[in-house]
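Visitor: Return atomic coordinates for the entry below.
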Amino acid sequence: MPETIDLVIPNIVEFNLKRPLLDLDPGVERDLLEHGTNLADQCVFWSDENRVLVLPAGYSPEWLADVHAGLGGSVPPVVSPAPTTGRLVHDLLEDDRALAALYEATSGARVVRFVSWGAAPELYALASVLRSQGREVLLDIAESRHYWSCEYLESKLSCTDLATHIPGFRVPRGISVASWDQLKGAVTAIAGGGGRAVVKSMYGVGGYGSALARSEGDGMARFWETMRREPFFGTFPLTVQDYVEHAADCPAVDILVDDDEEPRLEYSMLGVDGLRYRSLTLGPGVLEPALEKRLSELSTTVHAFVRSLGYRGWFSLDCLLGADGELYVTEINARRTGAMHGIALAERWADDSPAVYSHDALPLRLTGIASYTEHIRPVFEELWAKGVRAYPTTVRALARHRPSLGIIVCAESAAEAERIGGEAHRAVNAAMAEAGAPFSRPTAGSRS
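Guide: This is a model prediction of the structure:
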């Protein structure tokens, strides 16, 4: 056993549900639980060091073995707590059997290094348990005394604050409101007369927490229905911003904030559908050099500021390039993002496959017999036999009401990776069509 071991903890569900000001109804909680659990399996790509995986119960052993064979390694030890609540670390701390398995899996290692999704109180509790066993724990999040910075920066409203602290940090013009009357007035002022406005809550995930108000047609009626239906809009303040006309895809950067003064920056281009994330590409040539330079200068300044608050861990900026030529920051995420598995794979194969295409939720034919071994594995086995570095990433969603599949592809260029991903998607749907399944309706991915 090596002296240091990575403990990979995709605590996505509890991170997304730690919203004390929001009264989330059971339906929304179920959606967020499914969303986070589906994405959790992407963590198998986060680290190629000696590691232990903490995975939600119900993962596919066949998929896990296939992916690791494709990566050229063996399956590491896996700990899966009983899914009492679906909150991964909470359930781990309440499960004596799982804690004993974790102790055994990490025995012999003096140092346990966390590789987590983002800061949450349960992670500090788990670190305390490991320290009580005589382990040194290296956090990949802020120390507990700086946890406030994680909570503050994860709030979508902090994005407007940063515009007052950081030169060049531009956000769409907006109005902050504290009541329904103020919201109605602000939306009318910005979106009236044929315009559009984007309304954001303090928190948002998986498409929740942002809504588009448009004055044409039934746009306003649909907007107010969203306000009534979504609990993420159940508390104030809210921000009403101009809708900025922009290019089809949106640049983003993931920033590693650690004890080094120089940031690690990883650029990507997000494919979006309305206000929702759909896919991403990253690697050489994804951003134009001039745009990459602008984003680098902004990210370096942001890194210094959030680091001064005590924040540590991955941090991202989602941006758009306006039709006016300005670079706008639309969202910040104080956590890992759905780019992480792509970043790890691009680094692993930087010499010959430095570009990545990733999609978390490609729609599949609606069927009750969607099968990894029958419909998914054969398509990817054919690719692997040709030396193609393509992997299914979210196979849990095969069993959902609207089945979908996550795919990641590494290739020489982003365009080639996206082409391979599209062909794999069509091949999977063709395999399912042979079973006589009708088409499902397309579903949008969510920024993870």
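Visitor: Return the distance of stretch 42-62 from the chain's centre.
Guide: 16 Å (C-alpha atoms, centre = their mean, to the nearest Å).
Visitor: So which bits of it are buried?
Guide: 42-47, 50-56, 59-60 (16 or more other C-beta atoms under 10 Å). For every residue, glycine as well, the C-beta is placed using N, CA and C.
Visitor: Pick out whichever of those residues sits closest to L162.
Guide: W46 (26.9 Å; C-beta to C-beta).
Visitor: so T106 makes contact with V54?
Guide: No. Applying C-beta atoms under 8 Å as the test, T106 and V54 come out as separate, 10.8 Å apart.
Visitor: hey, what's in contact with both of the two?
Guide: Taking C-beta atoms under 8 Å, 6 or more residues apart in numbering as the criterion, T106 and V54 both touch L7.
Visitor: R402 and D41: what is the separation?
Guide: 18 Å (C-beta to C-beta, to the nearest Å).
Visitor: Sorry, slip of the keys, the one I care about is L345.
Guide: 14 Å.
Visitor: can you map out the helices along the stretch 201-350 of the chain?
Guide: For the stretch 201-350 of the chain, applying DSSP state H, counting those that start in this stretch gives helices covering 219-229, 289-308, 340-348.
Visitor: from the chain's centre, how far out does the last one sit?
Guide: Remark: helix 340-348 is offset 14 Å from the chain centroid, using C-alpha atoms, centre = their mean.
Visitor: burial measure for the residue nearest to Q133 when sequence neighbours are not counted, as a count.
Guide: For Q133, ignoring the flanking residues on the chain, the nearest one in space by C-beta to C-beta, 6 or more residues apart in numbering is Y103 at 6.5 Å. Residues lying near Y103 (other C-beta atoms under 10 Å) number 14.
Visitor: Generate TSV for the helices of the stretch 201-350 of the chain, with distance to A127, mean pLDDT and mean neighbour count as supplementary columns.
Guide: Below are the helices of the stretch 201-350 of the chain laid out as TSV (distance: least, C-beta to C-beta, whole Å; pLDDT from 0 to 100; neighbours: other C-beta atoms under 10 Å):
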stretch	distance to A127	mean pLDDT	mean neighbour count
helix 219-229	38	94	14
helix 289-308	21	97	17
helix 340-348	21	96	21
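Visitor: okay if I get these as CSV plus distance to L123?
Guide: Output for these, formatted as CSV (distance: least, C-beta to C-beta, whole Å):
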stretch, distance to L123
helix 219-229, 32
helix 289-308, 19
helix 340-348, 16
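Visitor: Of these, which is nearest P10?
Guide: helix 340-348 (9.7 Å).
Visitor: Partner strands of the very next helix or strand once past that closest one, with direction?
Guide: Sequence order places strand 355-363 as the next helix or strand after helix 340-348, per DSSP states H and E. In its sheet, strand 355-363 lies beside strand 276-282 (antiparallel), strand 404-411 (antiparallel), with partners assigned from DSSP bridges.
Visitor: one step back: need the max-distance pair from the buried residues of stretch 42-62.
Guide: N50 and S60 (23.1 Å).
Visitor: Apart from its neighbours in sequence, what residue is nearest G193?
Guide: S215 (6.7 Å).
Visitor: What is the neighbour count of that neighbour?
Guide: S215 has 17 nearby residues by other C-beta under 10 Å.
Visitor: how far away is it from C43?
Guide: From S215 to C43 the distance is 43 Å (C-beta to C-beta).
Visitor: Does the strand or helix carrying L102 pack against any helices or strands, and if so which?
Guide: Here L102, judged by DSSP H and E, is contained in helix 96-106. Judged by 3 or more C-beta pairs under 8 Å, 6 or more residues apart in numbering; DSSP states H and E, helix 96-106 is in contact with strand 4-9, strand 51-54, strand 78-79, helix 88-93.
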